[in-house]
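Visitor: Please find the sequence and the predicted model below.
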Amino acid sequence: MKLSEQEKAAHKAAFRSMRPAEKLEYIYTYYKWPILLGVLVLLTAASIVQRQLTRKEPVIYLGFANVAVGEDLEEVLTVNFLRLEGNNAKRQEVYLYRDLYLSDDADVINHEYAYASRMKVMGAIQARKLDGVLMNREAYDLFSAQGYLQDLPELISVSDPALYGKIAPHLTENTVTVSDNTLEWQLNEADTHEVVTENVSNGIALAELPLFEPAGFEEPIYFGIIANSPRTATAVKYLRYLVEGEA
């Protein structure tokens, strides 16, 4: 109900005559929810502004699959690369998918984690938000078999012969599944089980490169470029950094 001018004046006079404690109680009783709503709106707006001011633009998306990287090496693989490329580490980043665990032989304890990691990898690749991956042999075999990795000689030999000459000693071959009728065979829709594969040079061995020697990895590790990466040029620059970089 709308108050008359006289009623408004009476309310104001009554409010002015209240003691401070009474004023606070009055405000809390009648204006609690509008005040809380206003505070919530301000906090939400402040949070959005802060995220916008601190949000970093990914320059490249990388995954660490079955590979644990210490803080020093992670800085080398991220911040140092950004600096070398002239990027601002405060506004840009190498986006990392850490602690990916991929295995076809995961036990009961690790099965759910392996499944979650596989779903994360598939989602990132489908969203075209995975450009390169550091991996152990088991993860490398899985990435390769699915056809997720770029044929490196095909990618680099023509566009950058000098870089190809540098990576050639470190190139590794792996198996890629060209066709597989396992599902049809299991459903009795095919008379024979046929899996066609080919070998492709789709990774480079990293452990003996200067950037990685100090880390002392106990098993071979590899780097591959994701086949559907929309940032292939940056991924090739990153590959050059891995091969030419010094610890």
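Guide: Ah, there it is.
Visitor: Okay, helices next: where are they in the chain?
Guide: With DSSP state H as the criterion, the chain has helices at 5-16, 20-54, 71-77, 79-84, 108-126, 137-145, 152-156, 161-167, 182-186, 232-244.
Visitor: so what does the fifth one touch, helix or strand wise?
Guide: Secondary structure elements in contact with helix 108-126, counted by 3 or more C-beta pairs under 8 Å, 6 or more residues apart in numbering; DSSP states H and E, are strand 57-65, strand 92-100. The C-beta positions use only the backbone N, C-alpha and C, and glycine is treated the same way.
Visitor: Measure how buried the closest residue in space to residue 79 that isn't next to it in sequence is and give me the count.
Guide: Distance criterion C-beta to C-beta, 6 or more residues apart in numbering; nearest residue to residue 79, sequence neighbours excluded, is residue 89 at 5.2 Å. Using other C-beta atoms under 10 Å, residue 89 has 16 other residues around it.
Visitor: who's in contact with residue 89?
Guide: Taking C-beta atoms under 8 Å, 6 or more residues apart in numbering, we find residue 89 in contact with 79, 82-83.
Visitor: do that again at 10 Å, thanks
Guide: 56, 59, 75, 78-83 (C-beta atoms under 10 Å, 6 or more residues apart in numbering).
Visitor: Point out where this structure drops to low pLDDT.
Guide: 1-15, 22-24, 26-28, 30-31, 38, 41-54, 106-109, 247 (pLDDT under 70).
Visitor: make it 80
Guide: In the predicted model, the chain carries pLDDT under 80 at residues 1-55, 105-110, 158-159, 179-191, 193, 195-196, 246-247.
Visitor: CA atoms only for stretch 234-246, dumped as PDB, please.
Guide: Only the C-alpha atoms of stretch 234-246 are listed here, as PDB (Å, rounded to 0.1, in the frame of the first residue of the first chain):
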ATOM      1  CA  THR A 234      51.900 -23.700 -32.300                       C
ATOM      2  CA  ALA A 235      52.300 -27.400 -31.700                       C
ATOM      3  CA  VAL A 236      55.200 -27.500 -34.200                       C
ATOM      4  CA  LYS A 237      56.800 -24.600 -32.400                       C
ATOM      5  CA  TYR A 238      56.400 -26.400 -29.200                       C
ATOM      6  CA  LEU A 239      58.000 -29.500 -30.700                       C
ATOM      7  CA  ARG A 240      61.000 -27.400 -31.900                       C
ATOM      8  CA  TYR A 241      61.300 -26.000 -28.300                       C
ATOM      9  CA  LEU A 242      61.400 -29.500 -26.900                       C
ATOM     10  CA  VAL A 243      64.100 -30.600 -29.300                       C
ATOM     11  CA  GLU A 244      66.200 -27.500 -29.300                       C
ATOM     12  CA  GLY A 245      65.700 -26.300 -25.700                       C
ATOM     13  CA  GLU A 246      68.400 -26.400 -23.000                       C
END
